[in-house]
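# pasting the sequence and the predicted coordinates here, then a few questions.
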Amino acid sequence: MRKIYLTHFVFLASFFIFISLLKGWFSLVYVPFWIGGLIGVVLPDVDHFIYIYLMRPQELTSQRATRLMASGNIGRTMSLLAETRGERKHLVFHTATFQMIFIVFAFLIISSSNSLLGRGLVLGFGIHLLIDQLVDIVETESLDNWFDQIKITVNKERALVYWFVNMFIILLFGFLF
C-alpha cells in the first residue's frame, strides 16, 4: 500500500517542483497550488469508497473493507483496497469516459480560472489517474478496466499510446496555462 501512495506523491512532488522552478513560483502565494495538488492526488481514491459503500457493497472485499473501517483500522483498510484494486471493475473515476469528461473540465478550470488551488487540484487528480493507468499497463498489459463501460479492448500498444496522450495533456496543462 505504501509503495503506491509513495509513487503518487513522488510523481506529484517532482512535477510540481518542476513547474515551480520553470515558472518561478517561489513565494508563499503559490502554497494553494501545492495544497490543491495534495488534495487532487488523494481525491481519486474516493472512487474505491464509492464502490465499496454504494456501488457494490455486497462483494466480499467491500464487506471486508467496511468492517475494517467500522473498527477504525483505516491503515489496514487502505492496504486492503490497494491490494485488491484490480478486483474493482466498475469504478467511477477510473474509466476512460470519466477521464475524457475530466480533461474537458480540467481545461476549463485551468484556462479560465486564476485559482491556484483549482489548478493544483486538477493536476494532482490527473497525475493520480495517469499513475494508476501506468500501473494497470504494467500489471495487466492493457487498460481494459478503463474501457470496460464502453466495451473496448485495449491491448498494450494502444494502452501506451492512450497513456502518452494523457501524459502530454497533463504536461500541457501544467506548463502552458
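Yep, that arrived.
# how about the one helix or strand Phe107 maps to: buried residues?
Applying DSSP states H and E as the criterion places Phe107 in helix 96-112. Buried residues in helix 96-112, counted by 16 or more other CB atoms under 10 Å: Ala96, Phe98, Gln99, Phe102, Ile103, Ala106, Ile109, Ile110. No exception for glycine: its C-beta is placed from N, CA and C like everyone else's.
# export the residues you listed to a markdown table and append columns for distance to Phe18 and pLDDT.
Compiled in a markdown table, the buried residues of helix 96-112 are given as follows (distance: CB to CB, whole Å; pLDDT from 0 to 100):
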| residue | distance to Phe18 | pLDDT |
| --- | --- | --- |
| Ala96 | 27 | 93 |
| Phe98 | 26 | 95 |
| Gln99 | 23 | 95 |
| Phe102 | 22 | 95 |
| Ile103 | 21 | 95 |
| Ala106 | 18 | 94 |
| Ile109 | 20 | 90 |
| Ile110 | 16 | 90 |
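# JSON lines for those, including distance to Val46?
Shown next, in JSON lines, are the buried residues of helix 96-112 (distance: CB to CB, whole Å):
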{"residue": "Ala96", "distance to Val46": "19"}
{"residue": "Phe98", "distance to Val46": "12"}
{"residue": "Gln99", "distance to Val46": "15"}
{"residue": "Phe102", "distance to Val46": "14"}
{"residue": "Ile103", "distance to Val46": "19"}
{"residue": "Ala106", "distance to Val46": "17"}
{"residue": "Ile109", "distance to Val46": "18"}
{"residue": "Ile110", "distance to Val46": "21"}
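# okay, and the helix or strand of the chain with the least pLDDT?
helix 74-83 (a mean of 87; mean pLDDT, DSSP states H and E).
# please save the CA atoms from it in CSV.
Provided in CSV are the C-alpha atoms of helix 74-83 (Å, rounded to 0.1, in the frame of the first residue of the first chain):
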residue,chain,number,x,y,z
ILE,A,74,-8.0,2.9,8.3
GLY,A,75,-4.5,1.9,7.5
ARG,A,76,-5.4,-1.8,7.0
THR,A,77,-8.5,-0.7,5.0
MET,A,78,-6.3,1.3,2.7
SER,A,79,-3.9,-1.6,2.4
LEU,A,80,-6.8,-4.0,1.5
LEU,A,81,-8.1,-1.6,-1.1
ALA,A,82,-4.6,-1.1,-2.6
GLU,A,83,-4.0,-4.9,-2.7
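# what packs against it?
helix 2-23, helix 60-70 (3 or more CB pairs under 8 Å, 6 or more residues apart in numbering; DSSP states H and E).
# which outside residues touch that helix?
By CB atoms under 8 Å, 6 or more residues apart in numbering, the list of residues contacting helix 74-83 from outside reads Met1, Ile4, Tyr5, Asp45, His48, Ile52, Thr61, Arg64, Ala65, Leu68, Met69.
# perfect, that will be all.
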